[in-house]
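Visitor: Sequence first, then the predicted structure:
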Amino acid sequence: MATRIRDVAPTVCLAAVILLVLPACSRETTSENPASAAEASRPAVRPVATPPNMPPPNPWLADSVYPTSHFNPAATDSVLIAGPVGSRNLTAADVATVPTLVTSNPTMKRVGGEVIAFASGAVGVQKIRVTGDAFEAVGGLLPYPGFETSAAMATPAALDAALTQLDAAYRAKDETKILGALKGLGAAGLNMESGINGVYNLFDRDGNHYCVYGGTHVLKTTDGNVVGDPPRIVKTADVAKGLPEDVAKSVTRIIGLNMTYDGFLAAAAPGALIILDRDLNVKASVTFNGEAVDNSIVIDEHNGIYVVTEKHMNKVIWNGTTLSTDEKDGAWSSPYDSMPGEKALAMGAISRGSGTTPTLMGFGSDPDKLIVIADAAETGSNAVAFWRDAIPAGFKQKPGTQSNRIADQIRIDISQMTIEPSPNVLGYGVAFLNSTYPKPLPAGPGNAFTGGITRPAPMGIQKFIWNPDKDAFERAWINHEVDNTDIMVPVVSAPTGLLYAAHKEKDKGVYQYVGLDWSTGEIKSRWTFPDDSRRWNALGGITTIMENGDLMIGGVFTVKRLKIGGRAEQSH
């Protein structure tokens, strides 16, 4: 058993952290209007002298704020760079786009004074120059091996044709036509196999890009760190072929990808965790007694790898040569509340067990080190925190929890079932999006394009605070206004104190981005897209704050850069 050492930082540092991350408890917010023009020109919160501790940089990832999906190996989806402030209606000139077929979140690297993004989407990889306020495609789409035919179908013209049909169906508020228009995306190369390609991706420190595609394949590409050169394939590997036969039979698709702190790729697949070197050779694997793995993985600086299966939260230890699930090596496994996977899928979930990629909470001098998920309890999802390392001396299992590894759990009031987006963590604050479609269609894009239009939308964001003195979560706030039909992971900016989230205008369905005060949940900023087109959807993406404060988001038809940073905006 371990004894925690409480934070003994100077009072001024503690006060700065409290100022940023501790709001009033149990406060509900349903703000309808953005800040006034006078308020909009100021930062959302007072500047803080010392920001919250963040995950240690991984030396094997690219020198970038966004070298990997969810921003860092801990998947906090929070940053120490300033996001935009203010509110206004955007014009066409405010939104730059690059056509792609379903891109979740491009990752980025630096090349000299330039910044380069690779957008790995449904059928291939697109390079984009994003230096300054640029947003320029470099070369054409690089198809995934075996997806050349689909990539040839996903032309800008084909995407525009599908979009025109979908926009007409939306304006008619005709659900049959909306679903019919989505089928038209098949003519642009979208199918069940390609839809999850490229979601998890990363750049290593040498500028090589890695992503998963085609079920069990990992792709390594490079541009040679030459700004004007398009990407080219270095190697592709079918990971299943490098696994022992008993492991390979359960690996039908790779879900997540991350990088260990000693430079190895860690891949998650249903039933297995796999380690590869950067030449895509399988080095080790471990299975989880037939339990499904439907989310990505996170890694701490000591190469503890955290994998959530449909029934257990697991810590696996990578020692540079082998993977261990043995407690004597520091590994552990804890059950959590979970409904049968078949029942969850029938209710509209897209994951068995927890729907969230786990998120680390507590870094550096923070007294408690935790791993946080939303569970899959049949009575409604809970926020669950597990002790990452040794369980503190004297800690006793809490009533209603599955093990004493669980530090605490608390009902997420906004959700009736499994939550899919990974939580946002900054300091000891954690926010969850409601992703329960009240009247769901079968899993797929139909929910995102009918939610809030012909069917009710999943509404609301809720934040909790971890109290290390009480070993407990405390309710902070709920915002019931935000429409989460795109299931878009927000981003939190520590300097502006805002959480940036995708949203649609109530009763109109016009896409917006909103900035919620991280301390109160009130909407302080609101950016409305130029028109009512479905082009502005952000389906399945992760919001990115660019270095100048712009936002970059993915979606079905385009990757988008909202040119709203670098200056104080005014409300219209």
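Guide: Structure's in. What do you need? Residues are numbered from 1 along each chain as shown.
Visitor: And the helices in the stretch 401-550 of the chain, which stretches?
Guide: Assignment of helices within the stretch 401-550 of the chain using DSSP state H, counting those that start in this stretch yields the ranges 445-450.
Visitor: before we move on, what about the stretch 101-250 of the chain?
Guide: Per DSSP H, counting those that start in this stretch, the stretch 101-250 of the chain carries helices over the ranges 148-153, 156-171, 175-183, 245-248.
Visitor: need those in JSON lines with mean neighbour count, distance to Pro440 and mean pLDDT, can you?
Guide: In short, each C-beta sits where N, CA and C put it, glycine included. Formatted as JSON lines, the helices of the stretch 101-250 of the chain follow (neighbours: other Cβ atoms under 10 Å; distance: least, Cβ to Cβ, whole Å; pLDDT from 0 to 100):
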{"stretch": "helix 148-153", "mean neighbour count": "16", "distance to Pro440": "27", "mean pLDDT": "93"}
{"stretch": "helix 156-171", "mean neighbour count": "18", "distance to Pro440": "19", "mean pLDDT": "95"}
{"stretch": "helix 175-183", "mean neighbour count": "17", "distance to Pro440": "13", "mean pLDDT": "94"}
{"stretch": "helix 245-248", "mean neighbour count": "14", "distance to Pro440": "33", "mean pLDDT": "89"}
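Visitor: Tell me which of those helices sits nearest to Glu114.
Guide: Comparing the helices of the stretch 101-250 of the chain by their distance to Glu114 (Cβ to Cβ), the top pick is helix 156-171, with 24.6 Å.
Visitor: May I have the closest one as PDB, with CA atoms only?
Guide: These are the backbone C-alpha positions of helix 156-171, laid out as PDB (Å, rounded to 0.1, in the frame of the first residue of the first chain):
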ATOM      1  CA  PRO A 156     -14.500  16.700 -54.600                       C
ATOM      2  CA  ALA A 157     -17.200  16.500 -57.200                       C
ATOM      3  CA  ALA A 158     -18.600  13.300 -55.800                       C
ATOM      4  CA  LEU A 159     -18.600  14.700 -52.300                       C
ATOM      5  CA  ASP A 160     -20.300  17.800 -53.400                       C
ATOM      6  CA  ALA A 161     -23.000  15.800 -55.200                       C
ATOM      7  CA  ALA A 162     -23.700  13.800 -52.100                       C
ATOM      8  CA  LEU A 163     -23.700  17.000 -50.000                       C
ATOM      9  CA  THR A 164     -26.200  18.700 -52.400                       C
ATOM     10  CA  GLN A 165     -28.600  15.800 -52.100                       C
ATOM     11  CA  LEU A 166     -28.200  15.800 -48.300                       C
ATOM     12  CA  ASP A 167     -28.800  19.500 -48.000                       C
ATOM     13  CA  ALA A 168     -32.000  19.300 -50.000                       C
ATOM     14  CA  ALA A 169     -33.200  16.500 -47.800                       C
ATOM     15  CA  TYR A 170     -32.400  18.400 -44.600                       C
ATOM     16  CA  ARG A 171     -34.200  21.600 -45.800                       C
END
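Visitor: now Ser435, nearest residue through space, not along the chain?
Guide: Glu420 (4.3 Å; Cβ to Cβ, 6 or more residues apart in numbering).
Visitor: Compute the number of surrounding residues for that neighbour.
Guide: Taking other Cβ atoms under 10 Å as the criterion, the count of residues near Glu420 is 25.
Visitor: Distance to Leu426 for the helices of the stretch 101-250 of the chain - can I get that in a markdown table?
Guide: Converted to a markdown table, those look like this (distance: least, Cβ to Cβ, whole Å):
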| stretch | distance to Leu426 |
| --- | --- |
| helix 148-153 | 38 |
| helix 156-171 | 35 |
| helix 175-183 | 35 |
| helix 245-248 | 37 |
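Visitor: Out of these, flag the one nearest Gly189.
Guide: Among these, the nearest to Gly189 by Cβ to Cβ is helix 148-153 (3.4 Å).
Visitor: And that closest one, how far out from the chain middle?
Guide: Its chain's C-alpha centre lies 27 Å from the corresponding centre of helix 148-153 when counted by Cα atoms, centre = their mean, to the nearest Å.
Visitor: and what of stretch 313-330?
Guide: For stretch 313-330, the separation from the chain centroid amounts to 25 Å (computed by Cα atoms, centre = their mean).
Visitor: Stretch 58-68 now?
Guide: The chain centre lies 16 Å from the centre of stretch 58-68; the measure is Cα atoms, centre = their mean.
Visitor: Mind listing the residues bridging to Pro392?
Guide: For Pro392, the beta-bridge assignment (DSSP bridges) gives partners Ala2.
Visitor: and it, how many neighbours does it have?
Guide: Pro392 has 16 neighbouring residues, counting by other Cβ under 10 Å.
Visitor: same thing with Ala292?
Guide: As a measure of burial, Ala292 has 18 neighbours, counting by other Cβ under 10 Å.
Visitor: ditto for the one 5 residues further on
Guide: Using other Cβ under 10 Å, Ile297 has 24 other residues around it.
Visitor: From Gly521, how far out is it?
Guide: Distance of Ile297 to Gly521, computed by Cβ to Cβ, to the nearest Å: 30 Å.
Visitor: Repeat that for Lys470.
Guide: From Lys470 over to Gly521 (counting by Cβ to Cβ), the distance is 22 Å.
Visitor: try Tyr306
Guide: 28 Å.
Visitor: Also Met488?
Guide: 17 Å.
Visitor: repeat for Pro145
Guide: When distance is defined by Cβ to Cβ, Pro145 is 46 Å away from Gly521.
Visitor: out of the two, which sits in the busier spot?
Guide: Counted by other Cβ under 10 Å, Pro145 and Gly521 do not tie: Gly521 has more neighbours, with 27 against 13.
Visitor: does the more buried one really touch Gly460, like I thought?
Guide: No - at 9.8 Å, Gly521 does not count as touching Gly460 under the criterion of Cβ atoms under 8 Å.
Visitor: how about the nearest residue to Gly541 once chain neighbours are set aside, what does it touch?
Guide: If you skip the residues right next to it in sequence, Gly541 has Gly554 as its closest partner in space, 3.5 Å away by Cβ to Cβ, 6+ apart. Contact criterion Cβ atoms under 8 Å, 6 or more residues apart in numbering gives 100, 102-106, 119, 538-542, 560 as the residues in contact with Gly554.
Visitor: Take those and keep only those in strands.
Guide: If you go by DSSP state E, the contacts of Gly554 have 119, 560 in strands.
Visitor: Out of the contacts of Gly554, flag the one nearest to Arg232.
Guide: The shortest distance between Arg232 and any of those, using Cβ to Cβ, involves Ala119 and amounts to 15.8 Å.
Visitor: Next, count neighbours for Ala472.
Guide: A total of 16 residues lie near Ala472 under the criterion other Cβ under 10 Å.
Visitor: and it, what does it touch?
Guide: Neighbouring residues of Ala472 by Cβ under 8 Å, 6+ apart: 408, 410, 466.
Visitor: I'd like to know how far the second one sits from Val115.
Guide: Taking Cβ to Cβ as the criterion, Ile410 is separated from Val115 by 39 Å.
Visitor: These two: which is more packed in?
Guide: For Ile410 against Val115, the residue with the higher neighbour count under other Cβ under 10 Å is Val115, and the figures read 21 against 15.
Visitor: What residues are bridge-paired with that one?
Guide: The residues listed as beta-bridge partners of Val115 by DSSP bridges are Arg110.
Visitor: you'd agree it is up against Val130?
Guide: Yes - taking Cβ under 8 Å as the definition, Val115 is a contact partner of Val130 at 5.1 Å.
Visitor: anything in contact with each of the two?
Guide: Taking Cβ under 8 Å, 6+ apart as the contact rule, Val115 and Val130 both touch Met108.
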